[in-house]
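Chemist: The sequence and its predicted three-dimensional model are supplied below.
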Amino acid sequence: MNRSGRRIPRILVVDDDPGLLRLLTIRLRAEKYEVEPVDSAAKALAAVGRVRPDLVVTDLRMAGMDGIELLKELQRRWPSLNVIILTAHGSIPDAVRATQSGAVAFLTKPVAKEQLLEEVRRALATSGSAQSEEDWRAEFATRSPLMEERLARAHAIAATDVMVVVTGEPGTGKELLGRAMHGASARRDHPLVTIDCGNLSAEGAEAELLSAVARAHKGSLLAQDVDELASAGSRDVVDALVAGLREHDVRLIATSVRRPDETNATEPRLSQDLMDRMTGTEIEMPSLARRREDIPLLVAQCLEELSSGDAGTRRAFAPEAMQRLLAVRWPGNARQLRAVVRQAATATTGPVVSAELVDQTLGRHAQVPSFDEARDEFTRSYLVQLLQVTEGNVSQAARLARRNRTDFYKLLARYELRPEEFKT
């Protein structure tokens with residue numbers, strides 16, 4: 001805020017030329033604008049949710065995502081946010097392409113100071129802030145169509161008052177989505193209370209659940225690992241939870257590694273009442289292996305977080321290092337990726353993280369898999385062996401596994417296995 005109480009306009013500047021990025025930043029800050037400089041489109045997308053700019057000024061020709069691609073992505077997420085495009089390779093086709101894509105101005109570098117400032121003033125006069133209904137999803141860095149479909153479904157469900165269960169492998173962001181859905185709901189001004197069902201004892205489960213529900217009065221209860229409720233006590237525990245939700249007008253947002261309809265004879269089940277109410281309101285978070293195009297964005301987001309808490313020190317991954325990250329299967333998903341990025345970035349002595357350092361960090365993470373990672377690896381290997389033995393015959397494979405065909409097909413889908421690939 002300035003002395004008059006009005007918010008100072010915020011400008012996000014994007015250019016992969018360090019010298020020009022510095023010059024633009026100095027010129028705009030001299031006019032008392034708040035400026036956030038970044039050197040790539042991926043970092044720009046990661047920074048928008050944090051900075052909430054009123055205007056974006058971006059270079060056209062950049063490695064990876066160029067200025068036009070960045071413009072289109074910004075328009076899709078924040079349609080009222082104006083974008084000015086700069087290029088050292090000015091031409092009529094470039095200008096036409098930029099303006100047809102929705103840029104409010106197209107300037108050829110080197111740009112005269114007064115021309116730049118005039119276009120910035122004109123753009124700010126009609127630009128909307130990035131603060132919009134998209135704020136609810138600001139934590140999610142993605143360009144994956146699959147992830148976008150899940151986020152769109154989550155936003156639609158958030159506007160209702162139905163129970164919902166978010167499923168997915170460990171580290172896919174289930175709890176993050178649950179919190180985001182509460183923030184996008186009509187209950188956002190009321191409490192969001194989180195309880196880990198996996199840590200509930202059989203003796204104290206009912207009391208702890210009802211206490212959490214009471215604290216979430218008129219808000220939301222985020223029940224992590226809700227599938228563990230069945231083993232935390234009797235069916236009465238879950239029935240008491242359902243009654244408590246009604247009494248305190250609380251919405252249940254649950255997370256689970258397993259889908260609501262996944263069960264077998266050796267595992268306890270949640271109460272049918274709870275399961276019936278969750279049917280049709282499931283959102284499955286995709287594994288990182290199914291959204292590899294998001295890895296550079298997630299890396300940039302993590303590096304932005306590190307730089308903001310490390311006296312502004314900015315680091316980047318060498319192209320070979322990024323290729324290493326793109327090639328990993330990531331059994332621990334986005335959580336594991338972030339851990340590797342943080343460790344590699346903090347271990348480097350310079351501004352660029354090398355491929356060798358990434359290999360060393362990945363080696364340390366690969367030594368001891370988590371129980372869930374080991375179980376998933378075993379299950380996938382077991383399913384592959386069954387399909388190899390039966391040459392892709394699902395009926396025979398299901399009989400060998402002593403599972404019905406429906407359950408077996410669900411397992412194959414979960415582990416992304418196609419029977420036809422095993423047929424001779």
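Modeler: In hand now; what should we look at?
Chemist: Report how many residues lie close to the closest residue to Ser144 other than its chain neighbours.
Modeler: Leaving aside its chain neighbours, Ser144 sits nearest to Arg291 (3.8 Å; criterion: C-beta to C-beta, 6 or more residues apart in numbering). The C-beta positions use only the backbone N, C-alpha and C, and glycine is treated the same way. Counted with other C-beta atoms under 10 Å, the neighbours of Arg291 add up to 23.
Chemist: Provide a list of residues in contact with Arg291.
Modeler: By C-beta atoms under 8 Å, 6 or more residues apart in numbering, the contact list for Arg291 reads Thr142, Ser144, Leu146, Met147.
Chemist: Show me how to select, in ChimeraX, the buried members of those.
Modeler: Buried residues among these (16 or more other C-beta atoms under 10 Å), as a ChimeraX selection:
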select :142,144,146,147
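Chemist: out of the contacts of Arg291, what pair is the most spread apart?
Modeler: Thr142 and Leu146 (8.9 Å; C-beta to C-beta).
Chemist: show me where the stretch 51-200 of the chain has helices.
Modeler: 67-77, 92-101, 113-126, 145-158, 174-183 (DSSP state H, counting those that start in this stretch).
Chemist: tell me what the fourth one is packed against?
Modeler: Same thing as helix 145-158. With contacts defined as 3 or more C-beta pairs under 8 Å, 6 or more residues apart in numbering; DSSP states H and E, helix 145-158 has these neighbours: helix 174-183, strand 282-284.
Chemist: Export these to CSV and append columns for distance to Ser256 and mean neighbour count.
Modeler: Formatted as CSV, these follow (distance: least, C-beta to C-beta, whole Å; neighbours: other C-beta atoms under 10 Å):
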stretch, distance to Ser256, mean neighbour count
helix 174-183, 8, 22
strand 282-284, 9, 19
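Chemist: Looking at those, which is nearest to Phe317?
Modeler: With respect to Phe317, and counting by C-beta to C-beta, the nearest of those is helix 174-183 at 22.9 Å.
Chemist: Listing request: residues of the chain with sub-threshold pLDDT.
Modeler: Where the chain drops to pLDDT under 70, the residues are 1-7, 89-101, 128-134, 230-234, 259-280, 308-313, 364-370, 373, 424.
Chemist: Got the domain ranges for it?
Modeler: Per automatic domain parsing, the domain ranges recorded for the chain read 10-131, 140-284, 289-367, 371-422.
Chemist: tell me, what residue is most central in the protein?
Modeler: By C-alpha atoms, centre = their mean, the chain has its centre lying nearest to Phe140, at 3.2 Å.
Chemist: How many residues are close by the nearest residue to it once chain neighbours are set aside?
Modeler: Closest residue to Phe140 apart from its sequence neighbours, by C-beta to C-beta, 6+ apart: Leu151 at 6.3 Å. Leu151 has 20 neighbours, counted by other C-beta under 10 Å.
Chemist: Does Leu151 touch Ser144 like I think?
Modeler: No. Using C-beta atoms under 8 Å, Leu151 is not in contact with Ser144, being 9.6 Å away.
Chemist: Would you map the helices across the stretch 251-400 of the chain?
Modeler: Counting by DSSP H, counting those that start in this stretch, the helices of the stretch 251-400 of the chain are 272-278, 295-308, 319-327, 333-347, 355-367, 371-389, 394-401.
Chemist: Pipe those helices into CSV and attach distance to Ser127 per row.
Modeler: Converted to CSV, the helices of the stretch 251-400 of the chain look like this (distance: least, C-beta to C-beta, whole Å):
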stretch, distance to Ser127
helix 272-278, 42
helix 295-308, 22
helix 319-327, 32
helix 333-347, 32
helix 355-367, 39
helix 371-389, 45
helix 394-401, 55
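Chemist: Dump those into TSV; add mean neighbour count as well.
Modeler: What follows is these, written out as TSV (neighbours: other C-beta atoms under 10 Å):
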stretch	mean neighbour count
helix 272-278	16
helix 295-308	20
helix 319-327	16
helix 333-347	19
helix 355-367	15
helix 371-389	14
helix 394-401	16
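Chemist: Tell me the spacing between the residue nearest to Phe140 and Trp78.
Modeler: Per C-beta to C-beta, to the nearest Å, Leu151 is found 15 Å from Trp78.
Chemist: Repeat that for Phe317.
Modeler: 27 Å.
Chemist: likewise Ala152?
Modeler: Note on Ala152: its distance to Trp78, by C-beta to C-beta, is 16 Å.
Chemist: neighbour count winner among the two?
Modeler: Taking other C-beta under 10 Å, Ala152 and Trp78 do not tie; Trp78 has more neighbours (24 against 11).
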